[in-house]
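K.L.:
Sequence plus the predicted model coming up.
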Amino acid sequence: MTNGGYVLGGYLVVFGSLIAYVVRTLLRGRALSKQVPPQDRRWM
Amino acid sequence: MTVPEHTGSRATRILGALTLAGFAAVLVLALVVSPPDQVQGDAARLIYVHVPVAIVMNLAFGLTAIGSVGWLWKKSRWCDTLAAAAAEVGVVFTGLTLLTGMIWGRPTWGVYWTWDARLTSSLLLFLMYVGYLVVRRLPADVDVRNRRAAFVALLSFVDVPIVYFSVEWWRSLHQSATISLNTTMSGTMLFTLFVSIAVFMVCFAWIVIHRFRVAWLEDEVEASGLANAIAERRAEAFAR
């Protein structure tokens, strides 16, 4: 693959960043959910 | 009925599963099935991530603008929370648009960065929405904070069409619109690109729903913290 380093680097940046952001968001959601009464976190 | 201590639901689980399966398909299509470009070679495979994240970026800031109008018009907390969630996700996708563009630029233009109209207006967009997120964190009454944020969001949204049309309005190193009726892309490449765009949109919906719920919970915690502080002050005053 020509320019393989750039291609793989680009894909790693995108998927690595998205995974990190999703994990951070889900963990924050779990932490906050414990502080909020159940009636205030009934998702539609 | 027990309420789970997380931001997931049946809808998000379906979207999450679709996203993961979709990304697996995109990787196979983009890195294995799709042929290299006649001019750019394998570097052109970056189009399957660069263009979709750029489209999602526009979608995110469009949602932020709609949510902001919703707040200014109806004073809807739901709209403001949607605007905040979409803006943060939009900033992430703008950052990815800039980074993938820079990585693609090096093998095709010979440089990671140039002060080209498309690149400069995209960087400005990123900075303006980072500013939006900063405005949301400034200490202020909720109504004041939301109104300020809505105005900043609508002002920032002006840059979205400027970014899109920058390649037509000014001389630019950046290529013109990738998807058009006159496209010269092969069928497999075009198919891969459309699949990738669709999967990134599903991913965006998945992340925004979770981020919306996190933002809603943040407001709840902040409001309950404020209520507790007021109650403590009152108790102290009565005790004297």
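P.N.:
Yes, it's here.

K.L.:
Near chain B, which residues of chain A are found?
P.N.:
A:1-4, A:6-7, A:9-11, A:13-15, A:17-18, A:21-22, A:25-26, A:28-30, A:32-36, A:38, A:40-43 (CB under 8 Å from any CB of the partner chain). From N, CA and C alone the C-beta is placed, and that goes for glycine too.

K.L.:
Where does pLDDT dip in chain B?
P.N.:
The model of chain B has pLDDT under 70 over residues B:1-3, B:177-183, B:226, B:240.

K.L.:
which non-adjacent residue is nearest B:Phe212?
P.N.:
In space, and not counting its chain neighbours, B:Phe212 is closest to B:Ala85: 4.1 Å by CB to CB, 6 or more residues apart in numbering or on different chains.

K.L.:
Run through the residues that contact the one you found.
P.N.:
B:Ala85 is in contact with B:Val208, B:Arg211, B:Phe212, B:Val214, B:Ala215, counting by CB atoms under 8 Å, 6 or more residues apart in numbering or on different chains.

K.L.:
The third one is in contact with B:Ala83, isn't it?
P.N.:
No. Assessed by CB atoms under 8 Å, B:Phe212 is found out of contact with B:Ala83, at 9.9 Å.

K.L.:
More neighbours: which of the two?
P.N.:
B:Ala83 (29 against 21; other CB atoms under 10 Å in any protein chain shown).

K.L.:
what helix or strand is that one on?
P.N.:
In the assignment (DSSP states H and E), B:Ala83 maps to helix B:77-109.

K.L.:
gap between the spatially most central residue of chain B and B:Leu27?
P.N.:
Against the mean C-alpha coordinate of chain B, by CA atoms, centre = their mean, the closest residue is B:Gly90 at 1.8 Å. Distance, B:Gly90 to B:Leu27, using CB to CB, to the nearest Å: 24 Å.

K.L.:
One more: B:Ala140?
P.N.:
44 Å.

K.L.:
for B:Leu133, same thing?
P.N.:
Counting by CB to CB - B:Leu133 and B:Leu27 are separated by 31 Å.

K.L.:
Please determine how far the residue nearest to the spatial centre of chain A is located from B:Gly22.
P.N.:
Centroid check for chain A by CA atoms, centre = their mean gives A:Val22 as the closest residue, at 0.9 Å. As judged by CB to CB, A:Val22 and B:Gly22 stand 14 Å apart.
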